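K.L.:
Below: sequence and its predicted model.
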Amino acid sequence: MSFARNLWAILWIPLLVEQAWAGPVHGTGSGNSFLEGIVHPWFGIDHLLATLAIGLLVAHVEKGSMIAVPIVFLSSLMAGEGLNGSGIWLPWGEPIVAFSVILLGVALIPGRKYPELLLAVAVAFFGIFHGYVHGSESLMTDSLPLAFLLGLLLGTGLLLGIGIWIGHWIEPASTLSRSIGVVISLAGLGVFIYALVV
């Protein structure tokens with residue numbers, strides 16, 4: 001099976017799971033189940049593109065561990081969820097999440113490598129807002145909020161893994177990698193404009 005078919009099959013997994021389960025997704029239901037947590041980051045274009053971009057950028061780290069940046073992102077994601085659950089208000093959540101997609105896409109365009117600390121700080125900041133918005137979109141008021149959080153971690157981790165996998169298949173300085181950056185940043189611009197208007 002070719003690389004493109006492998007990627008296509010992986011990207012369809014959450015949709016098939018959601019269809020088989022026939023439950024609510026992306027804030028349309030209770031937001032409490034493990035499966036909802038898994039599919040949640042796959043059905044918001046801003047979260048999907050940002051997480052994939054972070055995975056791709058792992059291949060752009062100058063030196064360091066391949067798992068440091070993903071761990072920072074997942075940890076900050078949970079911190080953002082915690083802020084939301086504690087009732088702490090963060091302004092401009094949706095626009096900042098959309099802006100993160102733009103910046104992460106732009107970071108892919110030069111095809112250069114970045115210091116690990118710089119990427120870690122950036123994804124920590126963005127991760128807090130992504131987690132906060134995840135918490136706003138889900139209605140975690142009744143049963144199994146921990147199950148939702150665990151599912152969200154797994155779903156986001158899977159997206160990060162796919163981004164890392166793609167990033168190691170293509171050269172950071174290649175036309176394909178740069179083109180992906182352009183597409184992600186343009187999509188982020190659209191989401192950003194939408195977030196400001198709505």
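P.N.:
Good, I have the coordinates.
K.L.:
separation between Leu176 and Leu56?
P.N.:
Taking Cβ to Cβ, to the nearest Å as the measure, Leu176 falls 11 Å from Leu56. In short, each C-beta sits where N, CA and C put it, glycine included.
K.L.:
Could you pull up the residues touching Thr156?
P.N.:
41, 47, 51, 73-74, 77 (Cβ atoms under 8 Å, 6 or more residues apart in numbering).
K.L.:
Compare these and tell me which is most surrounded.
P.N.:
Within the contacts of Thr156, neighbour counts (other Cβ atoms under 10 Å) peak at Thr51, which reaches 32 neighbours.
K.L.:
Skip the chain neighbours and tell me the closest residue to it.
P.N.:
Leu159 (4.2 Å; Cβ to Cβ, 6 or more residues apart in numbering).
K.L.:
picking up where we left off before, looking at the contacts of Thr156, which is nearest Trp169?
P.N.:
Thr51 (17.3 Å; Cβ to Cβ).
K.L.:
you'd agree Pro91 is in a helix?
P.N.:
No - Pro91: not assigned to a helix; according to DSSP: H, G, I helix; E, B strand; the rest coil it is coil.
K.L.:
Tell me the spacing between it and Thr175.
P.N.:
39 Å.
K.L.:
Who has more neighbours out of these two?
P.N.:
Thr175 (10 against 6).
K.L.:
how far is the helix or strand Ser75 falls within from where the chain is centred?
P.N.:
Following DSSP states H and E, the helix or strand that holds Ser75 is helix 68-85. Its chain's average C-alpha position is 11 Å from that of helix 68-85, according to Cα atoms, centre = their mean, to the nearest Å.
K.L.:
Quick one: name whatever helix or strand follows it.
P.N.:
Per DSSP H and E, the helix or strand that comes after helix 68-85 is helix 93-108.
K.L.:
for that following helix, packing partners?
P.N.:
helix 45-58, helix 116-137, helix 175-197 (3 or more Cβ pairs under 8 Å, 6 or more residues apart in numbering; DSSP states H and E).
K.L.:
where does Gly64 fall, helix, sheet strand or coil?
P.N.:
Per three-state DSSP, Gly64 ends up coil.
K.L.:
any idea of the pLDDT on it?
P.N.:
For Gly64, the pLDDT comes out at 75.
K.L.:
who's in contact with it?
P.N.:
Gly64 sits next to Glu116 when contact means Cβ under 8 Å, 6+ apart.
K.L.:
May I see the buried residues of stretch 149-165?
P.N.:
Residues of stretch 149-165 classed as buried: 149, 151-153, 155-160, 162-165 (neighbour count, 16 or more other Cβ atoms under 10 Å).
K.L.:
re the thing from before, farthest-apart pair in the contacts of Thr156, please.
P.N.:
So, the contacts of Thr156 by Cβ to Cβ: farthest apart are His47 and Leu74, at 12.8 Å.
K.L.:
follow-up on the earlier one: Phe99: which of the helices and strands packed on helix 93-108 is closest?
P.N.:
helix 175-197 (5.7 Å).
K.L.:
Give me the most central residue, the protein.
P.N.:
Thr51 (2.6 Å; Cα atoms, centre = their mean).
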